[in-house]
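> show me how the following folds:
(chains A and B)
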Amino acid sequence: MQRATLDLWVGIFVVAGIVAVLFLALKVGNLGSYDSSETYAVKASFDNIGGLKPRAPVKSAGVVVGRVADITFDPINYEASVTLSLSARYPFPKDTSAAIMTSGLLGEQYISLDAGGDETMLVSGDALKITQGAVVLENLIGQFLYNKSDGAGDEAQQ
Amino acid sequence: MIETLLDSVRGIGRRTIDRIWRMGVAARFFMQILLHSGTGFRRFHLIIREIFSSGVLSLIIILVSGLFVGMVLGLQGYETLQTYGAEESLGVLVALSLVRELGPVVAALLFASRAGSAITAEIGLMKATEQIAAMEMMAVDPIARVVAPRFWGGVISMPLLAALFSAMGVLGGYLVGVVLIGVDEGAFWSQMQSAVDFKEDILNGVIKSVVFGVAITIIALFEGYDAPPTAEGVSRATTRTVVTSSLAILGLDFVLTAFMFRGV
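So this is what the prediction gives:
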């Protein structure tokens, strides 16, 4: 083969391109930190999911243990049915409770898991019984104003 | 009066039919390239030579532009994020905008003007100097010998160049954001890693760049193969390659983005 230098340059180019893809995958993306191959799926129903989106993190004690895989609407109970994909490294008891939280005041929403005391562990396909939906800011303000006006009316009567 | 009006209407009709005709010829041309790809892959050294001329020689412009685009993103992003006290999200902004959009699109635009125009000029000149006719005389299929290796060289080079562009851009954003301005390094990388998904963002960016690579090389090869064999014809074909493929990149980018990132 005569075009040895040309082959060398093409080789360098291809290797550099593959290194760039690996750099993007491991350093920029989340391929290294989150292993998607070994997971188990758990379902949870919420009365309101607020602004929760697919791929939102699932945290327990602040540590990411999984991701939201899918969000659908259940037309029988009129509730949101959320599928969580949890890492197989972290087994949770059967009576674990799930709540939708917001990171910071305006941050993204995530699901927080609180482990219970059950001896048996969750397996793929189980449903979480105890759930708490997202806090809707408008309802909170409405409740606050309602209580305020109630108090004011009592004072006026006295 | 009525005659000139009719003439202009006829002109519009003729040009429309001409465009559709060329579209059909281009589609047939694409099919022929795919049919003759087997021969191209059996003589792989031809493809390697084309990867060299369209990929390796575009490397400098891609790397330098990637670095500068990333550095500008770092500066501008910091200015805007600072007003919301969210400088730590600079890494997310730089990485997502590069991996999803700017990497594939800007690299493809540069590739179209650097390598696409060269392909058109080369094939147009081959046709003008009757090298292609000579090949046909020797029973060498010019599509298999000249066109198919250039097609695969471009299609292989494009995603590699786009990935290099994105990687250089992220490094540029890091240089400006962390080294120059002083955003916290840990937050820069960790927020980036938690926001950028391999399948949703990086793989979709690679798919985009492959599609752009196919579009650019097909347009460049067809314009060159279809160019009138004169100096003026080749120069016009080269211009058309850059204009058409730039428009194709931006149009395809909208379609692909609408498919990939809708409602997520």
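> make it CA atoms for all contacts and neighbour counts henceforth
Fine.
> so what's residue A:158 scoring on pLDDT?
Per-residue confidence (pLDDT) for residue A:158: 56.
> ignore what I typed, I meant residue A:85.
Confidence at residue A:85, expressed as pLDDT, is 88.
> how close does it get to chain B?
15 Å (C-alpha to the nearest C-alpha, to the nearest Å).
> find the nearest non-adjacent residue to residue B:155, please.
Computed as C-alpha to C-alpha, 6 or more residues apart in numbering or on different chains, the closest residue to residue B:155 that is not its neighbour in sequence is residue B:213, at 4.8 Å.
> so that neighbour, which state does it fall into?
helix (DSSP: H, G, I helix; E, B strand; the rest coil).
> can you classify residue A:76 as helix, strand or coil?
Classified using three-state DSSP, residue A:76 is coil.
> picking up where we left off before, just the pLDDT at the residue nearest to residue B:155, thanks.
Predicted confidence (pLDDT) for residue B:213: 95.
> what helix or strand does the residue nearest the centre of chain B sit in?
With distances taken as C-alpha atoms, centre = their mean, residue B:108 lies nearest the centre of chain B, 2.7 Å away. Using DSSP states H and E, residue B:108 sits in helix B:103-111.
> ok, residues contacting the helix or strand following that helix?
As assigned by DSSP H and E, the chain's next helix or strand after helix B:103-111 is helix B:117-128. Contacts to helix B:117-128, defined as C-alpha atoms under 8 Å, 6 or more residues apart in numbering or on different chains, come from residues B:132-133, B:150, B:220-231, B:234-235, B:237-239, B:241-242.
> do stretch B:87-94 as well
Counting by C-alpha under 8 Å, 6+ apart, B:70, B:73-74, B:77-78, B:81, B:169-170, B:173-174, B:177, B:183-184, B:187-189, B:191-193, B:195-196 sit against stretch B:87-94.
> between the helix holding residue B:108 and helix B:117-128, how many degrees?
40 degrees (axes from the mean of the first three to the mean of the last three C-alpha atoms, to 10 degrees).
> that older thread, what count of nearby residues applies to the residue nearest to residue B:155?
Neighbours of residue B:213 under the rule other C-alpha atoms under 10 Å in any protein chain shown: 29.
> wait, isn't it in contact with residue B:158?
Yes: using C-alpha atoms under 8 Å, residue B:213 is in contact with residue B:158, at 5.2 Å.
> for the stretch 151-264 of chain B, which residues are neighbours of chain A?
Within the stretch 151-264 of chain B, the residues that sit near chain A (C-alpha under 8 Å from any C-alpha of the partner chain) are B:160-161, B:163-164, B:166-167, B:189, B:192-198, B:202, B:264.
> how is chain A partitioned into domains?
A:1-33, A:39-142 (automatic domain parsing).
> okay, those domains in TSV with distance to residue B:13 and mean neighbour count next?
Supplementary listing: these in TSV, determined by distance: least, C-alpha to C-alpha, whole Å; neighbours: other C-alpha atoms under 10 Å in any protein chain shown:
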stretch	distance to residue B:13	mean neighbour count
domain A:1-33	47	17
domain A:39-142	50	17
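> residue B:252: which of those domains is closest?
With C-alpha to C-alpha as the criterion, residue B:252 lies closest to domain A:1-33 of these, at 22.3 Å.
> next one: that closest one to chain centre, how far?
Its chain's C-alpha centre and that of domain A:1-33 lie 33 Å apart, by C-alpha atoms, centre = their mean, to the nearest Å.
> any idea of the mean pLDDT in it?
Here domain A:1-33 scores 81 as its mean pLDDT.
> how about stretch B:19-35?
pLDDT averaged over stretch B:19-35 gives 90.
> list the buried residues in stretch B:176-191.
B:176, B:177, B:178, B:183, B:187, B:188, B:189, B:190, B:191 (16 or more other C-alpha atoms under 10 Å in any protein chain shown).
> nearest to chain A among the residues you listed?
Chain A lies nearest to residue B:189 out of the buried residues of stretch B:176-191, by C-alpha to the nearest C-alpha, at 7.1 Å.
> which helix or strand contains the closest one?
helix B:185-195.
> just the CA trace of that helix, in CSV.
What follows is helix B:185-195 as a C-alpha-only set of coordinates in CSV (Å, rounded to 0.1, in the frame of the first residue of the first chain):
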residue,chain,number,x,y,z
GLU,B,185,-16.4,23.9,37.8
GLY,B,186,-18.3,21.1,39.6
ALA,B,187,-21.6,22.7,39.0
PHE,B,188,-20.7,23.3,35.4
TRP,B,189,-20.1,19.6,34.6
SER,B,190,-22.6,18.0,37.0
GLN,B,191,-25.6,20.1,35.9
MET,B,192,-24.6,19.5,32.3
GLN,B,193,-24.5,15.7,32.9
SER,B,194,-27.9,15.6,34.7
ALA,B,195,-29.5,17.6,31.9
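> picking up where we left off before, compare the residues of the stretch 151-264 of chain B next to chain A and tell me which is most surrounded.
Neighbour max across those (other C-alpha under 10 Å) = residue B:166, 36 neighbours.
> circling back to that earlier point, so can I have CSV of the domains of chain A showing distance to residue B:3?
As requested, these are exported to CSV (distance: least, C-alpha to C-alpha, whole Å):
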stretch, distance to residue B:3
domain A:1-33, 60
domain A:39-142, 63
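> any idea which of those scores lowest on pLDDT?
domain A:1-33 (a mean of 81).
> for the record, mean pLDDT for the helix or strand where residue B:168 lies?
Taking DSSP H and E as the criterion, residue B:168 maps to helix B:148-174. The average pLDDT for helix B:148-174 rounds to 94.
> now swap in stretch B:106-119 and tell me
Here the average pLDDT along stretch B:106-119 is 95.
> ends of it, what's the gap?
19 Å (C-alpha to C-alpha, to the nearest Å).
> excluding chain neighbours, give the residue nearest to residue A:81 in space.
residue A:45 (4.5 Å).
> who does the helix or strand containing that neighbour pair up with?
Residue A:45 belongs to strand A:39-46 when assigned by DSSP H and E. Note on strand A:39-46: by DSSP bridges, its sheet partners are strand A:79-87 (antiparallel), strand A:127-128 (parallel).
> what's the distance between the first one and the middle of its chain?
Relative to its chain's centre, strand A:79-87 lies at 8 Å (C-alpha atoms, centre = their mean).
> with the shortest one instead?
The offset between the C-alpha centroid of strand A:127-128 and the centroid of the whole chain comes to 15 Å, using C-alpha atoms, centre = their mean.
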